[in-house]
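Asker: predicted model follows, preceded by the sequence.
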Amino acid sequence: MQALAIMYHDVVENGDFESSGFPGEGAHVYKLRREEFVRHLDAIAAATAAVSTVCKLEGRPVLLTFDDGGVSFHHPIADLLESRGWRGHFFIATDRIGTPGFLTETQLRELHRRGHIIGSHSCSHPTRMAALARADLDHEWRQSIARLSGVLGDAVKVASVPGGYYSREVAESAAAAGVEALFTSEPTARVGVLSGCRVLGRYVVQRGMSPEWSAGFATGSPSHCWRQSALWKAKRIAKTLGGGKYLQLRQAILERKG
Ligand SMILES: [Zn+2]
């Protein structure tokens, strides 16, 4: 089983990166300008026949996912997807619901009603999810799913791992909390199964990447998918050298001007 899932975050208008999602340059590098995002959607539409949802995992579906729960999911993202007849997977860090820059409960209900898939992205968005004790992992998944299910009046069965800090225990804890499909940040089309939960990789799109990347991911183009996979593996080696050190290094790189 394979799936081509693409990971986006916020989409902002007028270059106002503070307007939606987490603040700071570390988060802003994942946010796209509206006009940039439109070009990415156009490129996907030109390259592939259909965008699907995790509810219909047949063949090798193309899935569009969005992390964190910023208010831009409601506008402009959902509107832009719907204008093409598409739906998104929106993953919500539930502690942020209703706070500045994040979706409100009413907006979440509306997105759900409009056919988008709402999932958990933990409660508190821990910096290093995989480093949490099992009890804390269980709390992050169970509480966030209970909150979202309560808001939507419907069972929530999908989730994505904050920061991409995935481990087997992260997935087992999610599965125990009722998650049936868990999205990671590993750039792979392969769909695994762990404790009855499907584990799906995702290809990430960051600010400044050309629309051809989205089209390449949506078609499984080797030059795009393999290249991101190779970069990710190199990064993982750096992370194994020391999670704390990697985060310091990443921060230093992100804060470098020029
Ligand atoms: Zn996140």
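Answerer: Looks like it came in fine. This structure is a prediction, so every number in the text was calculated from the model and none was measured.
Asker: C-alpha from now on. contacts and neighbour counts both.
Answerer: OK.
Asker: how about the residues of this protein near the ion?
Answerer: Neighbours of the ion within the chain, by Cα under 5 Å from the ion: 68, 162.
Asker: which ones are touching the residue sitting nearest the centre point of the chain?
Answerer: With distances taken as Cα atoms, centre = their mean, the residue of the chain nearest its centroid is D67 (3.6 Å). Applying Cα atoms under 8 Å, 6 or more residues apart in numbering to D67 gives the contacts 7-10, 90-92, 121, 160.
Asker: before we move on, what SS does L64 have?
Answerer: strand (DSSP: H, G, I helix; E, B strand; the rest coil).
Asker: report the separation between it and the ion.
Answerer: From L64 over to the ion the distance is 15 Å, taken as Cα to the ion, to the nearest Å.
Asker: burial of that residue, as a residue count?
Answerer: For L64, the neighbour count with other Cα atoms under 10 Å is 25.
Asker: and what of L132?
Answerer: So L132, with other Cα under 10 Å, has 15 neighbours.
Asker: what's the pLDDT at it?
Answerer: With respect to pLDDT, L132 has a value of 96.
Asker: same check, this time on F183
Answerer: At F183, pLDDT is 97.
Asker: correct me if wrong: it contacts V204.
Answerer: No - with contact defined as Cα atoms under 8 Å, F183 does not count as touching V204 (11.7 Å).
Asker: what about these two, which has more around it?
Answerer: Shown here are F183 and V204; by other Cα under 10 Å, F183 has more neighbours (25 against 21).
Asker: wait, what's in contact with that one?
Answerer: F183 neighbours (Cα under 8 Å, 6+ apart): 158-161, 199-202.
Asker: try it again at 7 Å.
Answerer: Each residue near F183 by Cα atoms under 7 Å, 6 or more residues apart in numbering is listed here: 159-161, 199-202.
Asker: ok, so of those residues, who is nearest R128?
Answerer: V161 (9.9 Å; Cα to Cα).
Asker: list the buried residues for stretch 84-94?
Answerer: 86-94 (16 or more other Cα atoms under 10 Å).
Asker: save these as CSV, and put in secondary structure too.
Answerer: Below are the buried residues of stretch 84-94 laid out as CSV (three-state DSSP):
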residue, secondary structure
W86, coil
R87, coil
G88, coil
H89, strand
F90, strand
F91, strand
I92, strand
A93, coil
T94, helix
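Asker: tell me the one of the contacts of F183 nearest Q2?
Answerer: Looking across these and measuring by Cα to Cα, the closest to Q2 is L200, at 8.4 Å.
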